[in-house]
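J.: Model the following, please.
(one chain, ligands or ions: 1)
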Amino acid sequence: MNALEQKIVTEGNVLSESVIKVDSFLNHQIDPLLMKQIGQEFTDRFSDTNITKVLTLESSGIAPAIMTGLVLGVPVVFAKKRKPITLADHFSTEVYSFTKKEMNNITISKDFLSPDDNILLIDDFLANGQAVSGMVDIVKQAGANLAGVGIVIEKGFQHGGKILRQDGIRVESLAIISSMENNKITFDKEGAL
Ligand code: 5GP
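T.: A predicted model of the protein is given here:
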């Protein structure tokens with residue numbers, strides 16, 4: 001079992017058959033050493049592409065995204081869930097939040113995405129794919145190229161990963177949970193860290 005899977009099993013708290021809480025290392029308290037490994041792993045996996053920018057969604061995507069940006073040596077942009085009054089010209093799209101059960105109008109300034117960019121999207125979780133699809137939409141609005149998507153924890157029993165891959169999007173997930181039934185976490189070994 002790899003370090004990330006180990007962390008998920010020992011510190012994850014299965015709240016239901018479809019939701020897991022990982023507040024001790026990813027969603028509230030953050031484990032910087034693990035994030036560093038994650039940044040290195042995403043960089044290795046996408047080493048065949050010339051990424052110019054990492055894009056994520058606030059707030060839990062920021063830690064793995066910034067470590068990936070650090071290793072790649074490129075800027076990191078995060079989409080905002082609430083548009084500040086200081087944000088003038090921007091791209092925006094609607095995203096339904098899996099955990100908060102609400103719609104968010106996510107925004108990114110037009111200053112930070114351009115048709116010259118080759119984007120790597122990073123997020124903490126992949127469930128039904130709403131967050132990633134919203135970011136893909138913004139990449140399209142900007143006319144940028146999407147190199148792929150890096151996910152820390154994919155829940156393979158939900159359908160986001162399948163839909164995105166069927167759409168031809170390259171999705172690299174570092175841990176893929178295949179089931180959380182009866183409080184027992186099992187992993188899909190395919191593609192994991
Ligand atoms: P999706 O948009 O793919 O349905 O859900 C992904 C988003 O919802 C992620 O950005 C993440 O913040 C949140 N999320 C989805 N499933 C879980 C989960 O089981 N646990 C936690 N902590 N967050 C989740």
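
J.: Run through the bridge partners of the residue nearest the centre of the chain.
T.: Closest to where the C-alpha atoms of the chain average out (C-alpha atoms, centre = their mean) is residue 123, at 1.1 Å. Beta-bridge pairing of residue 123 under DSSP bridges involves residue 151.

J.: who's in contact with it?
T.: By C-beta atoms under 8 Å, 6 or more residues apart in numbering, residue 123 lies in contact with 56-57, 60-61, 131-132, 135, 149-152. Placement of C-beta: from N, CA and C, glycine included.

J.: Run a quick neighbour tally on residue 102.
T.: Look at residue 102: counted by other C-beta atoms under 10 Å, it has 9 neighbours.

J.: which residues does residue 56 contact?
T.: Taking C-beta under 8 Å, 6+ apart, we find residue 56 in contact with 62, 64-65, 76-79, 121-123, 135.

J.: In helices only, show me those.
T.: 62, 64-65, 135 (DSSP state H).

J.: Among the residues you listed, find me the one that's closest to the ligand.
T.: Of all the ones in helices among the contacts of residue 56, residue 135 has the smallest distance to the ligand: 9.8 Å, by C-beta to the nearest ligand atom.

J.: Could you list the residues in contact with the helix or strand containing residue 71?
T.: Secondary structure from DSSP states H and E places residue 71 in helix 62-72. Residues outside helix 62-72 that contact it (C-beta under 8 Å, 6+ apart): 26, 30, 32, 35-36, 38-40, 42-43, 51, 54-56, 75-76, 78, 120, 122, 124, 150, 152.

J.: Understood, closing this out.
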